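*Asks:* Predicted coordinates and the sequence they were generated for:
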Amino acid sequence: MSTVVKRSLPKSESKLVMAYMYVAFISLFIGATAGLLQTLERSGKFTLPSFISYYQILTVHGVILGLVLTTFFILGFMLSAQSKTTGGYNKTERRLAWTSFYVMLTGVIMATVMILMNEATVLYTFYAPLQAHVIFYIGLALVIVGSWIDGFVIFKRHARFRKENPGERTPLLSYMAVITMLMWQIASIGVAVTVVGQTIPWALGWVDGINVLLSRTLFWYFGHPLVYFWLLPAYMMWYAIMPKIIGGKIFSDSLARFTFILLLLFSIPVGFHHQLTEPGIDPFWKYIQVILTMVVVVPSMMTAFSLFATFEARGRELGAKGLFGWVKKLPWKDARFFAPFVGMLFFIPGGAGGIINASNQMNQVIHNTIWVTGHFHLTAATSVMLTFFGIAYWLIPSLTGRQYTPAMNRLAILQTVLWAVGMTIMSTSMHWQGLLGAPRRSAYSEYLGNADTAAWGSYQIAQAVGGSILFIGMIVMLVIFINLAFFAPKGSTEYPVAKVNKLEAQPPKVFENWPLWIGLTLALVLFAYTIPLIDIIQNAPPGAKGFKLW
Ligand code: HAS
């Protein structure tokens, strides 16, 4: 008897999305290997060969995982989700998505070669006055510009759906993809301006100086929404796919849309919370942006509420009793649920850490310590990554026309446990060591012979132990990926998309009023940034004076 091979998307689109996935998972391998080397070097028990520097592998780790893996995975996933829920792309849209892929890939190759040649050891925040080869900056600019093309594909497809289906509710996943890309495009203008207007002319030697504070400010204008660009696709999964996996319905379609609107409005004008200790920015504007940071916590609280409601409603439907009886009814043995759920659990301490970071006085304690590294390994490297892994378990076989087998499911549960254990050890020791004052981004974080630093050594060894477990987790993930892409038995795997409760009213029309939301977003950005930027430019130190960007 022959098996029916059925892909969740047409073959042309499956190939497109898979191309993004290959780059994402190759990046996982390169970036996570660099991560292991970093923790080993920091343990003080292992020395890198003389031709590689700690800062070079830190750059590889940050750029390849923070920019390449995330951007390729996110765009591939969002294209798949939009195609699945809107009825697919036309030829022009597909061509544009391929163009976007090749432009980004060219940029990645350019940047990677420069990093490997040790010509771009500037870490992933590429703070001036650290200077890289101009090809590195051009490469990164291409990654950003390439991603904009996908953004236009997503906007175009959403608009086409509305035109072809007047009065109908737009698919939630498509709506969320539009908001994510709007936020990304508005935010990445900041990094594009600093790279094209400041860093490239400076790296080419056309100008002999750079306005450092301006470049850092433009970077962080982009840097915070960058982390939301990672988070929003995870939220897409939590809101619109997770309910289907547990057999339930979307708790509230309108609440999910409203959460995304709030995230669009408030995730950009908050970059100063990364610069709270920096001189040259008026404390009043730091204070305003700290308030806006606390506001952007609200949609995440709404998400937590919505998720609890989804889980509880499903548990009660299955007969759960008592306050927490529903917990037992969740499908713990299904890695498609288990991996993202563990990601959610980690987001509770991760989010709490974020609120600590944003609180001005406490920021003075943790800023530039390895606490911050601990924070983003909980949020980005666990909540977001475990959700992405959870997506891969069904997305990859559904695209390749293969089965998600019980054996791979067992391996995926093991992967999640390894990741959770490794990250708990590594991230806890990072947080603790950070509180003792250990710096981040430094190979020299060893015991300095005084009481404060006495405990550093043991925490660094714990970090290396956690990092090694994570490395094994990464290898297990790659085994699952390769199996699902090339070797799993032919067949079909479901692309799970949750349904809206029939009783729920249509979302308010104003949610699709894009000029309004874009206008409000820009107004908030102008409010939070205009005066401080004028200040930074006008009061720049000698050599960086005037309205010139450098
Ligand atoms: Fe952050 C630094 C503040 C969220 C990533 N952050 C970073 C850096 C990165 C990063 C990469 O204010 C370092 C950048 C660098 O290299 O310098 N962060 C915040 C705040 C939040 C936050 C207020 N960060 C994130 C997310 C990230 C991320 C998300 C990646 C994805 N962060 C900061 C600040 C700094 C910073 C300062 C600068 C520090 C410095 O001085 O350098 C908030 O958005 C967090 C809100 C989240 C919550 C949690 C909600 C919980 C949910 C899960 C529910 C669970 C369920 C399951 C339902 C309030 C939704 C439970 C079931 C049961 C049965 C129990």
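*Replies:* Looks like it arrived, so ask away.

*Asks:* Any figure for the gap between residue 95 and the ligand?
*Replies:* Going from residue 95 to the ligand by C-beta to the nearest ligand atom, to the nearest Å gives 32 Å. Heads up, the C-betas are built off the backbone N, CA and C, glycines and all.

*Asks:* tell me which element that residue is part of?
*Replies:* helix 91-116 (DSSP states H and E).

*Asks:* Can you pull up the most central residue in this protein?
*Replies:* Nearest to the mean C-alpha position of the chain, by C-alpha atoms, centre = their mean, lies residue 230 at 2.0 Å.

*Asks:* how about stretch 319-332: buried residues?
*Replies:* Judged by neighbour count using 16 or more other C-beta atoms under 10 Å, the buried positions of stretch 319-332 are 320, 326, 329-330.

*Asks:* For the stretch 301-450 of the chain, what lies in contact range of the ligand?
*Replies:* 301, 303-304, 307-308, 327, 344-345, 347-348, 351, 354-355, 357-358, 363, 367, 372, 375-376, 379-380, 384 (C-beta under 6 Å from any ligand atom).

*Asks:* Among these, which are located in helices?
*Replies:* Of these, the ones assigned to helices by DSSP state H are 301, 303-304, 307-308, 344-345, 347-348, 351, 354-355, 357-358, 363, 372, 375-376.

*Asks:* just for the stretch 401-550 of the chain, where's the confidence low?
*Replies:* 444-456, 542-550 (pLDDT under 70).

*Asks:* so where do the helices sit in it?
*Replies:* Applying DSSP state H, counting those that start in this stretch to the stretch 401-550 of the chain gives helices spanning 406-435, 456-482, 514-538.

*Asks:* could I get those helices as a markdown table with mean neighbour count?
*Replies:* Shown next, in a markdown table, are the helices of the stretch 401-550 of the chain (neighbours: other C-beta atoms under 10 Å):
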| stretch | mean neighbour count |
| --- | --- |
| helix 406-435 | 20 |
| helix 456-482 | 20 |
| helix 514-538 | 15 |
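
*Asks:* and those as a markdown table, adding distance to residue 107?
*Replies:* As requested, those are exported to a markdown table (distance: least, C-beta to C-beta, whole Å):
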| stretch | distance to residue 107 |
| --- | --- |
| helix 406-435 | 29 |
| helix 456-482 | 23 |
| helix 514-538 | 25 |
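
*Asks:* got a list of what the nearest residue to residue 507 once chain neighbours are set aside touches?
*Replies:* Spatial nearest neighbour of residue 507, chain neighbours left out: residue 254 (4.4 Å); criterion: C-beta to C-beta, 6 or more residues apart in numbering. By C-beta atoms under 8 Å, 6 or more residues apart in numbering, the contact list for residue 254 reads 504-505, 507-508, 511.

*Asks:* how about 10 Å then?
*Replies:* 169, 172, 500, 504-508, 511 (C-beta atoms under 10 Å, 6 or more residues apart in numbering).

*Asks:* Please list the residues of the protein that sit near the ligand.
*Replies:* Near the ligand, when you scan the chain using C-beta under 6 Å from any ligand atom, you find 125, 227, 230-231, 273-274, 293, 296-297, 300-301, 303-304, 307-308, 327, 344-345, 347-348, 351, 354-355, 357-358, 363, 367, 372, 375-376, 379-380, 384.

*Asks:* now the buried residues of stretch 319-332 as TSV including pLDDT and secondary structure?
*Replies:* What follows is those, written out as TSV (pLDDT from 0 to 100; DSSP: H, G, I helix; E, B strand; the rest coil):
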residue	pLDDT	secondary structure
320	92	coil
326	95	helix
329	96	helix
330	97	coil
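
*Asks:* Closest one of these to residue 70?
*Replies:* Nearest to residue 70 among the buried residues of stretch 319-332 is residue 330, at 27.5 Å by C-beta to C-beta.

*Asks:* roughly how far apart are the closest one and residue 285?
*Replies:* Noted for residue 330: a distance of 45 Å to residue 285, by C-beta to C-beta, to the nearest Å.

*Asks:* Next SSE downstream of the helix or strand containing residue 237?
*Replies:* Counting by DSSP H and E, the element that carries residue 237 is helix 212-240. Proceeding N to C from helix 212-240, the next assigned helix or strand is helix 242-245, under DSSP H and E.

*Asks:* Residues contacting that following helix, please?
*Replies:* Residues from elsewhere that reach helix 242-245 (C-beta under 10 Å, 6+ apart): 236-237, 248-251, 306-307, 310-311, 313-314, 330-331, 334, 336-338, 340-341, 344, 387, 390, 394, 494-501.

*Asks:* what's the closest non-adjacent residue to the residue of the stretch 1-150 of the chain found nearest the ligand?
*Replies:* Nearest residue of the stretch 1-150 of the chain to the ligand (C-beta to the nearest ligand atom) works out as residue 125 at 5.7 Å. Among residues not flanking residue 125 along the chain, residue 219 sits closest, at 6.3 Å (C-beta to C-beta, 6+ apart).

*Asks:* The one you found - how many residues pack around it?
*Replies:* 22 (other C-beta atoms under 10 Å).

*Asks:* I'd guessed it sits against residue 126; true?
*Replies:* Yes - Residue 219 is in contact with residue 126 according to C-beta atoms under 10 Å; the separation is 7.5 Å.

*Asks:* list residues touching both of those two?
*Replies:* Common neighbours of residue 219 and residue 126 (C-beta under 10 Å, 6+ apart) are 191, 194-195, 199.

*Asks:* Tell me the pLDDT of the residue nearest to the centre of the chain.
*Replies:* Predicted confidence (pLDDT) for residue 230: 98.

*Asks:* thinking it is in contact with residue 223, fair?
*Replies:* No - taking contacts as C-beta under 10 Å, residue 230 lies outside contact range of residue 223: 11.6 Å.

*Asks:* low pLDDT regions in the protein?
*Replies:* Applying pLDDT under 70 to the chain flags the ranges 1-2, 444-456, 542-550.

*Asks:* go with 90
*Replies:* Within the chain, the ranges that satisfy pLDDT under 90 run 1-6, 39-54, 123-129, 167, 205-210, 433, 436-463, 501-505, 537-550.

*Asks:* so what secondary structure elements neighbour the helix or strand hosting residue 389?
*Replies:* Assessed by DSSP H and E, residue 389 sits inside helix 385-400. Judged by 3 or more C-beta pairs under 10 Å, 6 or more residues apart in numbering; DSSP states H and E, helix 385-400 is in contact with helix 11-42, helix 70-86, helix 212-240, helix 242-245, helix 335-358, helix 406-435, helix 456-482.
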